[in-house]
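Chemist: Below are the sequence and a predicted model for it; my questions follow.
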Amino acid sequence: MSDALSRPPRWVGIVLIPLVNLFLALAIAGLIVLSMGENPLTALRFLVFGAFGYVEGLGYTLYYTTNFVFTGLAVAVAFHARLFNIGGEGQAYIGGLGVGLVCLAFDDTLPLLLIVPLSIAAAAVFGAAWAYIPAYLQARRGSHIVITTIMFNFIAAALMVYLMVNLLIKPGQMSPESREFAPGAWLPFLHETMGWIGIEMARSPLNLSFVWALVCCVLVWVFIWHTRWGYEIRAVGGNETAAVYAGIRPTRIIVLAMCISGALAGFVGVNEILGVHHRLLLNFTAGYGFTGIAVALMGRNHPVGILLASLLFGALYQGGAELAFEIPTITRELVVVIQGLVILFSGALEHMFRPQLERLFQRRGADLPAEAEA
């Protein structure tokens, strides 16, 4: 029996295990709904319809998906270097600050065709800069990346509060928000873009940053699997000692991976600040950075898997809101519990069924030679 035949197929880890974990999470959520006297199948129907059943709901689903793609890719790039970036929330916050500063400075003087690339560049630079400090501390001082990135989430929140309350607030108002950007600096909504070519769509916050999210998926795939730098990142993540022996400098790779991770997280600001709110405000990240951890784990740190996992969590966000509206006994808090169950089983309990499923397919692989001889 060869090792190749005894190994389980790759799709077991990539497809089957995430589906089993998702099914178990939904099954437990169904039992909770049933204990409340509601029909789980009816609740599931409302959830699916709210996410995909009509154009406006689909627009909201894809809007949430956009943010999860950015934060999921951010976690994945760092994870390939064996770095657990918990700071996506803070990096997205500071990336949004960069977008807001560009728009506040140039919304009346530059056209949209220049505002958009400048805002994307600012989001990347600000997010990468915020990730650089924990990366430097890990690479040069041995500080643990998990601890420092968590701390920097709180520092980013405090910094944003100070800036919005004392410096960037619109004069004459109490709410800690900046002035609204000039309409010429608004990233077009998708329903507006479709209207330009004669296709009518229902209004939703979905904007052209969704296209940028898809582009980022392709760019990350090319970077990680088809460039020298991506190979070095995977080499350091796979075996740092062997990477050093091959002439790769782990300190440089740690900084590189974390800066790219921070830049990707910063793109949340493009979707939220440039595409939806059109002003700087507090708490626009809304936990997307933390959910991106579960998205990356469920998507196996691959852009295709991250895109599918982001779509799932986008559907849970939008469909959950519809579910809470249609069935009042299922409150918004219970919807958060359902989302938490998916995160629990796709993250912390990800490997619960892996040994059993892998042994099952290993036995099947081992039986192949005997079947061929017979």
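Modeler: Yep, that arrived.

Chemist: Thr241 - how many residues pack around it?
Modeler: Thr241 has 9 neighbours, counted by other Cβ atoms under 10 Å. In this view, the C-beta of every residue, glycine as well, is placed from N, C-alpha and C.

Chemist: er, Glu56 actually
Modeler: 15.

Chemist: and what of the one 10 residues further on?
Modeler: Thr66 sits with 30 neighbouring residues when counted by other Cβ under 10 Å.

Chemist: buried stuff in stretch 88-107?
Modeler: Within stretch 88-107, the residues scored as buried using 16 or more other Cβ atoms under 10 Å are 88-104, 106-107.

Chemist: Keep only those of the residues you listed that are in helices.
Modeler: Mapping the buried residues of stretch 88-107 onto helices (DSSP state H) picks out 88-104, 106.

Chemist: Can you tell me how far Tyr288 is from Val268?
Modeler: Distance from Tyr288 to Val268, counting by Cβ to Cβ, to the nearest Å: 6 Å.

Chemist: for Leu167, that is, sorry about that
Modeler: From Leu167 to Val268 the distance is 22 Å (Cβ to Cβ).

Chemist: Phe325 now?
Modeler: 26 Å.

Chemist: More neighbours: these two, which one.
Modeler: More neighbours surround Val268 than the other of Phe325 and Val268, with 34 against 12 (other Cβ under 10 Å).

Chemist: Contacts only, for that one.
Modeler: 67, 70-71, 92, 95-96, 123, 285, 288-289 (Cβ atoms under 8 Å, 6 or more residues apart in numbering).

Chemist: Looking at those residues, spot the one nearest Leu214.
Modeler: Phe70 (11.1 Å; Cβ to Cβ).

Chemist: pretty sure that closest one is touching Leu214, no?
Modeler: No: if you go by Cβ atoms under 8 Å, Phe70 and Leu214 don't touch, sitting 11.1 Å apart.

Chemist: Can you pick out the residue with more neighbours from those two?
Modeler: Phe70 (35 against 14).

Chemist: mean confidence for the helix or strand harbouring Leu22?
Modeler: In the assignment (DSSP states H and E), Leu22 maps to helix 17-35. The pLDDT scores in helix 17-35 average 85.

Chemist: what's the overlap in contacts for Tyr288 and Val268?
Modeler: Joint contacts of Tyr288 and Val268 (Cβ under 8 Å, 6+ apart) are 67, 70-71, 92.

Chemist: re the thing from before, show me the contacts of Val268 that map onto helices.
Modeler: 67, 70-71, 92, 95-96, 123, 288-289.

Chemist: with the contacts of Val268 in mind, which one is nearest to Trp221?
Modeler: Among the contacts of Val268, Phe70 lies closest to Trp221 (Cβ to Cβ), at 14.8 Å.

Chemist: Chain neighbours aside, what residue packs nearest to that closest one?
Modeler: What sits nearest to Phe70 in space, not counting adjacent residues and going by Cβ to Cβ, 6 or more residues apart in numbering, is Phe267, at 4.5 Å.

Chemist: List the contacts of the one you found.
Modeler: Contacts of Phe267 by Cβ under 8 Å, 6+ apart are 70, 92, 95, 120, 123-124, 127, 209, 212-213, 216.

Chemist: Recalculate using a threshold of 7 Å.
Modeler: Listed by Cβ atoms under 7 Å, 6 or more residues apart in numbering, the contact set of Phe267 reads 70, 95, 123, 212, 216.

Chemist: For Ser143, state which of those residues is nearest.
Modeler: Using Cβ to Cβ, those come closest to Ser143 at Gly95, 22.4 Å.

Chemist: can you pull the buried residues of the helix holding Leu22?
Modeler: Quick answer for helix 17-35 (16+ other Cβ under 10 Å): 17-18, 20-22, 24-26, 28-30, 32-33.

Chemist: Next secondary structure element downstream of that helix?
Modeler: helix 40-52.

Chemist: counting contacts, what elements does that next one pack onto?
Modeler: helix 17-35, helix 55-80, helix 303-326 (3 or more Cβ pairs under 7 Å, 6 or more residues apart in numbering; DSSP states H and E).

Chemist: Relative to Glu232, which of these is closest?
Modeler: The minimum distance between Glu232 and the helices and strands packed on helix 40-52 falls on helix 55-80, with 10.2 Å, by Cβ to Cβ.

Chemist: Now His144. Nearest residue, chain neighbours left out?
Modeler: Nearest one to His144, counting by Cβ to Cβ, 6+ apart, is Gln138 at 7.1 Å.

Chemist: Low-confidence regions, the stretch 251-374 of the chain specifically.
Modeler: 347-351, 353, 357, 362-374 (pLDDT under 70).

Chemist: Tell me where it has helices.
Modeler: Ranges of helices in the stretch 251-374 of the chain, per DSSP state H, counting those that start in this stretch, are 268-269, 288-298, 303-326, 332-343, 354-373.
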